[in-house]
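Participant: Sequence and predicted model, in that order:
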Amino acid sequence: MSKTIVIEAPAKINLMLDIKGKRSDGYHELETLMHQIDLVDKIHIKKDSSISIKSNSLEIPNDSSNLAYKAAQLILRTYGRGEGAAIFIDKNIPVGAGLAGGSTDAAAVLKGINILYNYDISDEKLAYISAQIGSDVPFCLQGNPRIIMDETVEGTAFKNDQNIEGSTCIARGRGELLTPLESKVLPWILLVKPDFQLSTAEVYGKFKMENVHIIPDLNAFIKAWEIYDIIELSHYCENVLETVSATLYPEIMQIKKSLERLGAVKATMSGSGPAVFGVFIHPEDALKAQQVMKESYSETYLVSSYGRGD
């Protein structure tokens, strides 16, 4: 009898990213605003006797180095009784882009296995163990993603009310200390991923505080967010890691300028890059910009906040 769950794994963008300094453990002290968008991977999880990973993408590993595999291994070893999971990743989020593609897959696996095997692990406990996998995974556990259960699944307390919601959080520490913000929708976001990847470790390793000339203003962003002033909050979208990534690859700055020239209120790099997003007010500007950018960048996506409801 088939026992399968399919769960969406939304990408994130960093609406703002600041670095406060270096920590004693070697990581950087972050202050960032993460926001889930409706560019999603779909994670298929089936009950099995061992852990396996397959995907429609050749760009991600299908072994224990995959964060989704690590997530399955962690939850099954911690709470299981010898169970396994056959996982298939329907990959849509660009790889190595600063969009938490691997982390969101891992979070979906944690959620999915918890439901599939009826472990009844609390959200707090899941968030706690998820930080062992990666700094972005606790955030990716937030929200309420679309979940599809195979009708033949039995013996689970899961109820799928399809109340699909995304999440926006201030993240501090390594990214695992979360403060949720009220849900708001950014309806027109154009995301552009150039044809190269960046190493997160390399970008953080080359970051120097003295190269930062514009310091992100979190308080001003939050005030604009609370009154839902998209134009105002967009002006406060800043990412200090651009001082590294755009130096390594000046094309990142060219994409930012192109998006703003095409009507974006503001264009900003997400995470350690190289993906860049532009926030648009008018749908006709966003659609026109998508057509123009698509001519040079095949990985161009017109997206919205995850769970906007339409």
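Facilitator: Now that the structure is in, tell me what you want to look at.
Participant: and the nearest residue to residue 43 once chain neighbours are set aside, how far is that from residue 45?
Facilitator: Taking Cβ to Cβ, 6 or more residues apart in numbering as the measure, residue 43 lies nearest to residue 108, with 4.2 Å between them; neighbours along the chain are not counted. In short, each C-beta sits where N, CA and C put it, glycine included. From residue 108 over to residue 45 the distance is 8 Å, taken as Cβ to Cβ, to the nearest Å.
Participant: and if you look at residue 65?
Facilitator: The span separating residue 65 from residue 45 equals 19 Å under the rule Cβ to Cβ.
Participant: Tell me where the stretch 1-150 of the chain has strands.
Facilitator: 4-22, 28-48, 51-55, 84-90, 147-149 (DSSP state E, counting those that start in this stretch).
Participant: Name the spans of this protein whose pLDDT lies under the cut-off.
Facilitator: By pLDDT under 70, the weakly predicted segments of the chain are 1-2, 150-162, 309-310.
Participant: In contact with residue 135, which residues?
Facilitator: Remark: with contacts taken as Cβ atoms under 8 Å, 6 or more residues apart in numbering, residue 135 is in contact with 27, 103, 174, 175, 176.
Participant: sorry, back to before: looking at the strands of the stretch 1-150 of the chain, which is buried most?
Facilitator: Scoring the strands of the stretch 1-150 of the chain by mean neighbour count under mean count of other Cβ atoms under 10 Å gives strand 4-22 as the most buried, with a mean of 23.
Participant: What angle do strand 84-90 and that one make with each other?
Facilitator: Between the axis of strand 4-22 and that of strand 84-90 there is an angle of 80 degrees, by axes from the mean of the first three to the mean of the last three Cα atoms, to 10 degrees.
Participant: quick one: strand 4-22 to chain centroid distance?
Facilitator: Counting by Cα atoms, centre = their mean, to the nearest Å, strand 4-22 is centred 3 Å from the centre of its parent chain.
Participant: related to what we said a few turns ago, intersection of neighbour lists for residue 108 and residue 45?
Facilitator: Joint contacts of residue 108 and residue 45 (Cβ under 8 Å, 6+ apart) are residue 7.
Participant: okay, now the domains of the chain?
Facilitator: Listed by automatic domain parsing, the domain ranges of the chain are 4-180, 189-303.
Participant: Endpoints of the shortest one, how far apart?
Facilitator: For domain 189-303, the separation between the terminal residues is 5 Å (Cα to Cα, to the nearest Å).
Participant: Same question for the first one.
Facilitator: Domain 4-180 has its terminal residues 31 Å apart, counting by Cα to Cα.
Participant: which residues touch residue 88?
Facilitator: The contact partners of residue 88, by Cβ under 8 Å, 6+ apart, come to 43, 44, 53, 54, 55.
Participant: What distance do you get for the last one to residue 214?
Facilitator: From residue 55 over to residue 214 the distance is 38 Å, taken as Cβ to Cβ.
Participant: Ok, the third one next?
Facilitator: When distances are taken as Cβ to Cβ, residue 53 and residue 214 turn out to be 41 Å apart.
Participant: what's near enough to touch residue 187?
Facilitator: Applying Cβ under 8 Å, 6+ apart, the residues near residue 187 are 283, 304, 305, 308.
Participant: who's in contact with the third one?
Facilitator: Read it as residue 305. Contact analysis of residue 305 by Cβ under 8 Å, 6+ apart lists 35, 36, 37, 38, 166, 184, 185, 186, 187, 189.
Participant: what about 7 Å?
Facilitator: 35, 37, 38, 166, 185, 186 (Cβ atoms under 7 Å, 6 or more residues apart in numbering).
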